[in-house]
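here you go, sequence then predicted model.
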Amino acid sequence: MSYLPIEEHGFIGDMHSAALIGVDGTIDWMCLPRFDSPSVFAAILDDRKGGYFRISPVDRGVKLRQLYHPDTNVLITRFLSEDGVGEIVDFMPVETDAAARRRHRLIRKVSAVRGAMKFRVECFPAFNYARTPHTLRLHRGRGASFHTDDLSLDLVTDLPLRRVRDGVAAEFTLEGGRAQSFSLQRPDPGERIGEPLADQEYEELHRRTVSYWRSWLSHCTYHGRWREQVYRSALALKLMTYDPTGALVAAPTTSLPESIGHGRNWDYRYTWIRDSAFTMFALLRIGFTSEAERFMGFVEARCRELENAGSLQVLYGIGGEHELKEIELDHLKGYRGSRPVRIGNDAHRQLQLDIYGELLDAVYLCNKDATPISYDFWENLRRLLDWLQKHWQEPDDGIWEVRGGEYQFTYSRMMSWVAFDRALRLGLGRGLPMDFDAWRRTRDDIFDAVMTKGWDPKQQSFVQYFGGKALDASMLLAPVVRFVSTTDPRAVGTLEAVLSNLVSDSLVYRYDPQHAARDGLHGHEGTFSLCTFWLVEALTRAGRLEEARLIFEKMFTYANHLGLFSEEIGPSGEGLGNFPQAFTHLSLITAAYNLNQALDRPGHRGELQGMQTEGV
């Protein structure tokens, strides 16, 4: 095997786990039974050891295409040749029955749409990140079973399979109108391998899955420009939600590199308070209130676990786990040799003070547009604010999770201001008990500190950390969070400085590496996609709509063929980092929402729907 480019993948899932499927019909990443479970297929991280499940034409020279069944997360991979056209339909049924949910079925149906085509199927699982050997059993006329002490899988099909080392393979020819189905699933304890899918059963599973996604999407209230891109982003975010708890993974993958051949490889299969709060805001803007309510329930449960210190972790496991020990898998060589492959994430031990601002802003909006806050949740938030009052001046690791030492990051202080500002507005609006005078003093002290220590008069810009010189794209959010107005000279100056120093052909780097805080890592990184969408928002709020619209449209040329984005974009337009990334897609939604609203009201400036726009 060789490595497909990161961007040449689609993904499917059942809101418990997900699979990446390449344009060549290869599943090269899948974890079961949860997003953060050990991998079953991981060829994207090691093309020799990782394991894969491929269905592809035998003949070379076939053109490859992919699309989603309209308005769903059902993926279609097409193979086009002079002699015939074949396609694979891939999906994971969204089950409601508990026993069916446990199976986590992945359905693959191959068909010849026109003419005839010869296919080869290969299934080589590599359990537990290719660390645990498995036993293989062939079942005549029913498929094969793969077994370990921790996880077993059945590949159910009526196609005769042959053993190839520790996997199975077969070749088969389909003519126009003929099809072959495969179902990869967990068996029930003690159950014999199931019957191959009958046509009627497949059609019912397909119909129910299509119906589920379309029914969910029908709640979307966004009908403006770029509706197709907003819909795809919303569907991607929903697919990255862990249904049992409402938690959202930052991405369904681990260790896809931000820089090829270097160590900027992280495990994103967990829920960050920051990312999830931003996501809740984005989904609320376009009508998905139930997702916001479920995430609030997840956060409230974490608040009930607060120790005497009264602070939240930066990230948690999708089931609410606190310990996410980071280890390196030395036996895997990484995507295109990009070691190390990491599982777990030590960022859960970091101090990132901005998360309280993002959380309180999300709570404020949820209270206004979805479900009013409960007294018990409010009391836990008061504990968080009491803690933040004592610690907001401390150096932290910042939004970019640097590993080179703590700094007094300007963005962290600004978002601490947001935490107290939204808490005051929420408390006054609801008549809730609060330490009004103390919170107001703290809010004002933070504001003064940012304005005096986080501002560089020479550059006429906010800077990355107090007393520093580096520019940072995160400070584009100053007018978005209403820290300053869109016309304030400091907002205008920061926007101009970012445009002059951090933007390359509309793409935006996170910060200026020459003067930035030490991140403790080797290698360079690509441009950050979410920062480009932040730039679109900043330009929109500044009334520079033509610039905002052109940059926004250019950004879509960096999406993959399905409209999905990875975390970063490399110098040749390639996708870098974990894929697809929630942060990128949520920022696309908010940028589209605000820019569309501005374009519908020519000349209108300022009062756009940002992170929070309603005063008390």
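That came through fine. What you see is a predicted model; the values in this text were computed from it and never measured.

worst mean pLDDT across the helices and strands of the protein, which element?
Across the helices and strands of the chain, mean pLDDT, DSSP states H and E gives its lowest value to helix 98-103, namely a mean of 76.

may I see the buried residues of it?
Arg101, Arg102, Arg103 (16 or more other CB atoms under 10 Å). For the C-beta atoms, the positions are set from N, CA and C on the backbone; glycine is no exception.

show me the helices in the stretch 51-200 of the chain, by range?
Counting by DSSP state H, counting those that start in this stretch, the segments of the stretch 51-200 of the chain that form helices are 98-103, 127-130, 199-217.

about what we covered before: specify which member of the buried residues of helix 98-103 is nearest to Gly194.
Within the buried residues of helix 98-103, the smallest distance to Gly194 is 9.1 Å, found for Arg103 (CB to CB).

bridged to the nearest residue to that closest one once chain neighbours are set aside, which residues?
Nearest non-adjacent residue to Arg103, counting by CB to CB, 6 or more residues apart in numbering: Gln185, 4.4 Å away. In this entry, Gln185 is beta-bridged to Asp154, by DSSP bridges.

hey, C-alpha coordinates of the helix ranked longest in the chain in PDB?
Scanning the chain for the helix with the most residues, using DSSP state H, yields helix 410-430. This file holds the C-alpha atoms of helix 410-430, laid out as PDB (Å, rounded to 0.1, in the frame of the first residue of the first chain):
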ATOM      1  CA  THR A 410      -3.600  38.000  25.700                       C
ATOM      2  CA  TYR A 411      -6.400  35.900  24.300                       C
ATOM      3  CA  SER A 412      -6.700  34.000  27.600                       C
ATOM      4  CA  ARG A 413      -7.100  37.300  29.500                       C
ATOM      5  CA  MET A 414      -9.600  38.600  26.900                       C
ATOM      6  CA  MET A 415     -11.700  35.400  27.200                       C
ATOM      7  CA  SER A 416     -11.500  35.700  31.000                       C
ATOM      8  CA  TRP A 417     -13.100  39.100  30.600                       C
ATOM      9  CA  VAL A 418     -15.800  37.400  28.500                       C
ATOM     10  CA  ALA A 419     -16.500  34.900  31.300                       C
ATOM     11  CA  PHE A 420     -17.200  37.700  33.800                       C
ATOM     12  CA  ASP A 421     -19.100  39.900  31.300                       C
ATOM     13  CA  ARG A 422     -21.500  37.100  30.300                       C
ATOM     14  CA  ALA A 423     -21.900  35.900  33.900                       C
ATOM     15  CA  LEU A 424     -23.000  39.500  34.800                       C
ATOM     16  CA  ARG A 425     -25.400  39.700  31.900                       C
ATOM     17  CA  LEU A 426     -26.800  36.300  32.600                       C
ATOM     18  CA  GLY A 427     -27.200  36.900  36.400                       C
ATOM     19  CA  LEU A 428     -28.900  40.300  35.900                       C
ATOM     20  CA  GLY A 429     -31.100  39.000  33.200                       C
ATOM     21  CA  ARG A 430     -32.400  36.100  35.300                       C
END
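
pLDDT at the nearest residue to Val314 once chain neighbours are set aside, what is it?
Nearest in space to Val314, with sequence neighbours left out and distances taken as CB to CB, 6+ apart, is Gln352 at 4.8 Å. With respect to pLDDT, Gln352 has a value of 96.

cool, the one 10 residues further on as well?
Note on Ala362: pLDDT of 92.

I'd like the numbering to begin with 29 instead of 1 from here.
In the new count, where the first residue is 29, that last one comes out as Ala390.

can you check what angle separates the helix or strand that contains it from helix 438-458?
With secondary structure defined by DSSP states H and E, Ala390 is part of helix 383-397. For the pair helix 383-397 and helix 438-458, the angle between their directions (axes from the mean of the first three to the mean of the last three CA atoms, to 10 degrees) equals 30 degrees.

give me the contact list for the following helix or strand past helix 383-397.
Reading on from helix 383-397 to the C-terminus, the next helix or strand found by DSSP H and E is helix 403-419. Contacts to helix 403-419, defined as CB atoms under 8 Å, 6 or more residues apart in numbering, come from residues 324, 328, 331-332, 334, 337-340, 381, 384, 387-388, 391, 401, 444, 447-448, 451, 460-463, 466-467, 470.

repeat that for 7 Å
Outside of helix 403-419, the residues that reach it under the criterion CB atoms under 7 Å, 6 or more residues apart in numbering are 328, 331-332, 334, 337-340, 384, 391, 444, 447-448, 451, 460, 462, 466-467, 470.

and stretch 262-275, by the same measure?
Taking CB under 7 Å, 6+ apart as the criterion, the residues outside stretch 262-275 that touch it are 41, 43-44, 46, 63, 101, 241, 244-245, 248, 276-277, 280, 299, 304, 307, 311, 314, 319, 322-323, 325-326, 346-348, 592, 608, 610, 613-614, 617.
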